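Chemist: Need the 3D shape of this:
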Amino acid sequence: MNEGLIPRRYAKALLKFAIEKKQDARMYELMTNLGHSFETMPALDATMANPFIAADKKEQLLVTASGADKTDSAYLDFLKLLGQNNRLPMARQIALAYADDYRKANNIYRVEVVSAAPLDAEEEERLKKLISSHLGGATMEYASKTDPDLIGGFTVNIGSEKLDASVKNELKQLQLRLLGK
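Modeler: I've put the predicted structure just below:
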């Protein structure tokens, strides 16, 4: 069976279960933390895939990586289910799929702004307002970072949309026009 299909099914079932338990927002927080842990600690994937590490140890590692505690019963039950079904190695994909499904269900967009230099507070606030009006009332998860390679300007990523207002992009476009003549 498709490796992408199984995590999607688990994520969909988990979202439904979490909504029933009124723990969907907390589960989103835990799954986001878990996804971040996998991103920042690449050895976590290898640990989950290691057949010589017991399922209960993997479950405990996933509890720690997500920041869950003993009151997060839905999450703990879910980890037990993954352990019983030998699906713990799919924890990362499930966490990412859950976060996507939760965002879609709650009209939340991830917005990333990359600028050549740090934006001052006024510029950033103006940009946030502009993006917010573009989203039409949807919630935005805003993140920003700098990338000196842009030379100047910025890029804005909203889901699959990308606005590139960087000097690097302008130079690239100019180069393409000159080569085309």
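
Chemist: Show me the domain layout of this structure.
Modeler: Taking automatic domain parsing as the domain assignment, the ranges for the chain are 5-104, 107-180.

Chemist: Can you give me the end-to-end span of the first one?
Modeler: Across its full length, domain 5-104 reaches 18 Å between end residues, using CA to CA, to the nearest Å.

Chemist: tell me how far the host helix or strand of residue 19 is from the chain's mean position?
Modeler: Secondary structure here is read from DSSP states H and E; on that basis residue 19 sits in helix 5-20. How far helix 5-20 lies from its chain's middle: 16 Å, per CA atoms, centre = their mean, to the nearest Å.

Chemist: Name the surrounding residues that touch the helix or strand harbouring residue 77.
Modeler: Secondary structure from DSSP H and E places residue 77 in helix 73-84. Taking contacts as CB atoms under 8 Å, 6 or more residues apart in numbering, the residues outside helix 73-84 that touch it are 10, 14, 17-18, 21, 23, 26-27, 30, 55-56, 58-59, 62-63, 66, 68, 70, 87-88, 90-91, 94. For the C-beta atoms, the positions are set from N, CA and C on the backbone; glycine is no exception.

Chemist: how about a cut-off of 10 Å?
Modeler: 10, 13-14, 17-18, 20-24, 26-27, 29-31, 34, 48, 54-63, 66, 68-70, 72, 87-91, 94, 98 (CB atoms under 10 Å, 6 or more residues apart in numbering).
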